[in-house]
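1. Structure here, sequence nowhere to be found:
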């Protein structure tokens, strides 16, 4: 019989926090197609991921401004107005975290996030204090789905993979955790998450 999970590790952006650069750039770029082109070819997810892996936002901004000087204002807004990329929280999922907490389930976070911007999130989103600990990729210089950040998290949190449920909205991250022995849930919404938590006996 497989071991049931006793601890839960949450991804944050896309699961609990509604972060999307489109929340900002729809206010700055009138044409949706132009905005999508900008995000696909200038301030790309791959570029942002390097900040999640530890590169400074100042260096990242300078690199892109050098490559695309015609977009200086838009590029500088990415981190200069980072908070405008947040559209609050996914309240139904935050409510599930509250239920787990009230049930005494140990809670942890593992997020791909810049070390420079994460403290702002900690100030804004009080529920982050419900977690026993949070590993932030930008502080460690490693990002998901690199197995190293999962190993580091288990060591930091004092957990065993087969006793831990990992929740992430990115399939490749969930797959990486599964390959290391975690129970995993690929998050697509609160309803399926609730059912999975109930199946595991956590709710």
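-> Noted; the coordinates are in hand. Predicted model, so just to flag it, every value in this text is computed and none were measured.

2. didn't residue 153 look like it was pressed against residue 111?
-> No - taking C-beta atoms under 8 Å as the definition, residue 153 is not a contact partner of residue 111, at 10.3 Å. For glycine as for every other residue, the C-beta is placed from the backbone atoms N, C-alpha and C.

3. which neighbours do the two share?
-> The contact sets of residue 153 and residue 111 overlap at residue 135 (C-beta atoms under 8 Å, 6 or more residues apart in numbering).

4. Helices along this structure, start to end?
-> Secondary structure of the chain (DSSP state H): helices located at 21-28, 32-41, 45-52, 57-67, 72-80, 91-102, 118-124, 137-140, 147-157, 171-179, 190-199.

5. could those be laid out in CSV, adding mean pLDDT, distance to residue 11 and mean neighbour count?
-> Shown next, in CSV, are the helices of the chain (pLDDT from 0 to 100; distance: least, C-beta to C-beta, whole Å; neighbours: other C-beta atoms under 10 Å):
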stretch, mean pLDDT, distance to residue 11, mean neighbour count
helix 21-28, 97, 17, 16
helix 32-41, 98, 21, 13
helix 45-52, 96, 12, 16
helix 57-67, 98, 21, 14
helix 72-80, 98, 21, 17
helix 91-102, 98, 11, 16
helix 118-124, 95, 13, 14
helix 137-140, 98, 11, 20
helix 147-157, 98, 11, 18
helix 171-179, 97, 7, 17
helix 190-199, 97, 11, 15
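
6. Make a markdown table out of those helices and add distance to residue 165.
-> Formatted as a markdown table, the helices of the chain follow (distance: least, C-beta to C-beta, whole Å):
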| stretch | distance to residue 165 |
| --- | --- |
| helix 21-28 | 29 |
| helix 32-41 | 32 |
| helix 45-52 | 23 |
| helix 57-67 | 32 |
| helix 72-80 | 33 |
| helix 91-102 | 10 |
| helix 118-124 | 23 |
| helix 137-140 | 20 |
| helix 147-157 | 13 |
| helix 171-179 | 9 |
| helix 190-199 | 8 |
